[in-house]
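Q: attaching a predicted model along with its sequence, questions to come.
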Amino acid sequence: MGPIVLAFVLAGLAWLLVAGSALRERYPAWFWYLTGYPSTALRVLVTWRKIARLNDLAVAHRPNRTLMGNLAVKGEPLRLLAPRLSFPRATPNGLSVVARLYPGQTPAPFIKAADALAHAWRAHAVRVTSPERGTVLLVATAVDPLQRPGRTSAPAALLSALVGALESGGAWVMDLRQVPHWLIVGATRSGKSTLLARLVAQLAPQPVALVGVDCKGGMELGLFEARLSALTTCRREAVAVLGALVVETQERMRTCRLAGARSIWELPENDRPVPVVVLVDELAELYLTDGTRDGKAEAEQCSSYLLRLAQLGAALGVHLVIAGQRVGSDLGPGVTALRAQLAGRICHRVNDPGTAEMALGDLNKDAVAVAQSITPAEAGVAVCTGSVEGWDRARSHLTTTEEAQEISGKHQKLTPHLPGVTKALEAAGGGEWP
């Protein structure tokens, strides 16, 4: 090969490397379609039979028992058949295949073998679901889509907040009209406070009332006080404000009954009361007591008021977003009853298995295991409800407290006045309405 030809070959290889790097950075999906998908699809087809045999996914049509004279012999059949696999279909961040089960097979062994499949296919993760009887859908993701989540968009709607991106690539939206009440759990520096800041920043420009319950002296929610219709900083004030909100829901209930409406959304727009979103930071502060009679009474009142708001609020425009580092049945039976009313669940990294179980255990056991696998390096990553399978991995968009404060101050004029709540807060010794 002459020096001129060699120079052209080297120049071409260098150009391909540069072009591939630029394609991977600017158009990662196309880079995956052109380079990663063909090799991964081939790897799936070549290794499937061996993986199925090693992980007990294969079956045999012949029985595993036979007679040798008068002696019954039991053993594994020599010819095992792997379930039929469809041709891998490319997705923007991986691929999916459908396995057709043989009679007697269930999806459970496939779920158990998800990690083995991910290692064999050199994928980031493999999600196993069963969309219909007799089939198992295996979805492999090439890289962690939440490591650098792209900015997604969602249609603007009242009481709807775009808070992040889903592992599937879609928008992570907290829609309080669709799911009225939410429970958010997470340890320190897991992303819980960032998610609350993002939620406040998304709701601040909307015609809604925000009420903060922060019994840690208002250290967290007090940063957004300019946009809050009320802020409580201790449990005494929380009891007064939550009680006033219960009275508010009862008044709205009477209004709807007189108008023949089943919810405030059926009322004429001019007669419709303003929606209220109650943000509770650190639920345990409302339930833990110092053993005194007054402390126990306040805790019981908070528990009763929150449960009442959760039961009545959905149709009356009063919504709860409750956050805590630790949420467990040891806080009292009221927590378990309240949890049942909070259909929306978000679980960041937690320090104890009980909190993950409380947040997701009654919905899906697999979601609990995934939530417990979140590492400290994955700040903002959470397992949330709302997908077709019942749960998803997601990551919130980074919204700093400074940004949320700026947005809150910018929309301070939109802050509705809640007379009953303001009066109750002032009577309990709280600050005046901003």
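A: That came through fine. Numbering: from 1, shown residues only.
Q: so residue 316 touches residue 254, yeah?
A: No: in this structure, residue 316 is not within contact of residue 254 by CB atoms under 8 Å, at 10.5 Å. To be clear about C-beta, it is placed using only N, CA and C from the backbone, and glycine gets the same treatment.
Q: the more surrounded of these two?
A: residue 316 (23 against 9; other CB atoms under 10 Å).
Q: got the contact list for the more buried one?
A: Counting by CB atoms under 8 Å, 6 or more residues apart in numbering, residue 316 makes contact with 249, 252-253, 256, 263-264.
Q: gap between it and residue 110?
A: Look at residue 316 and residue 110: by CB to CB, to the nearest Å, they are 44 Å apart.
Q: residues shared between the contacts of residue 316 and residue 254?
A: Going by CB under 8 Å, 6+ apart, no residue sits against residue 316 while also sitting against residue 254.
Q: all the strands of the stretch 201-350 of the chain, in order from the start?
A: 209-214, 230-232, 276-281, 318-324, 344-347 (DSSP state E, counting those that start in this stretch).
Q: next, the angle strand 209-214 makes with the longest one.
A: To tie it back to what came earlier, the one meant is strand 318-324. 30 degrees (axes from the mean of the first three to the mean of the last three CA atoms, to 10 degrees).
Q: residue 136 sits in which helix or strand?
A: Taking DSSP states H and E as the criterion, residue 136 maps to strand 135-141.
Q: so what's the gap between that strand and the chain middle?
A: Offset of strand 135-141 from its chain centre (CA atoms, centre = their mean, to the nearest Å): 20 Å.
Q: so what does that strand touch, helix or strand wise?
A: strand 94-100, helix 114-121, strand 125-129 (3 or more CB pairs under 8 Å, 6 or more residues apart in numbering; DSSP states H and E).
Q: for the ones you listed, which has the smallest mean pLDDT value?
A: Mean pLDDT is lowest for strand 125-129 out of these, coming in at a mean of 83.
Q: so how far is residue 50 from the spatially most central residue of the chain?
A: The centroid of the chain falls nearest to residue 384 when counting by CA atoms, centre = their mean (1.7 Å). Note on residue 384: its distance to residue 50, by CB to CB, is 36 Å.
Q: same thing with residue 168?
A: Residue 168 is 29 Å from residue 50, where distance means CB to CB.
Q: more crowded one of these two?
A: A direct count of neighbours by other CB under 10 Å for residue 168 and residue 50 places residue 168 higher, at 20 against 12.
Q: just the pLDDT at the more buried one, thanks.
A: Looking at residue 168, its pLDDT stands at 74.
Q: re earlier: reformat the strands of the stretch 201-350 of the chain as a markdown table; add mean pLDDT, distance to residue 241 and mean neighbour count.
A: Below are these laid out as a markdown table (pLDDT from 0 to 100; distance: least, CB to CB, whole Å; neighbours: other CB atoms under 10 Å):
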| stretch | mean pLDDT | distance to residue 241 | mean neighbour count |
| --- | --- | --- | --- |
| strand 209-214 | 95 | 7 | 26 |
| strand 230-232 | 94 | 5 | 27 |
| strand 276-281 | 96 | 9 | 24 |
| strand 318-324 | 95 | 12 | 25 |
| strand 344-347 | 94 | 22 | 26 |
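Q: great, nothing more from me.
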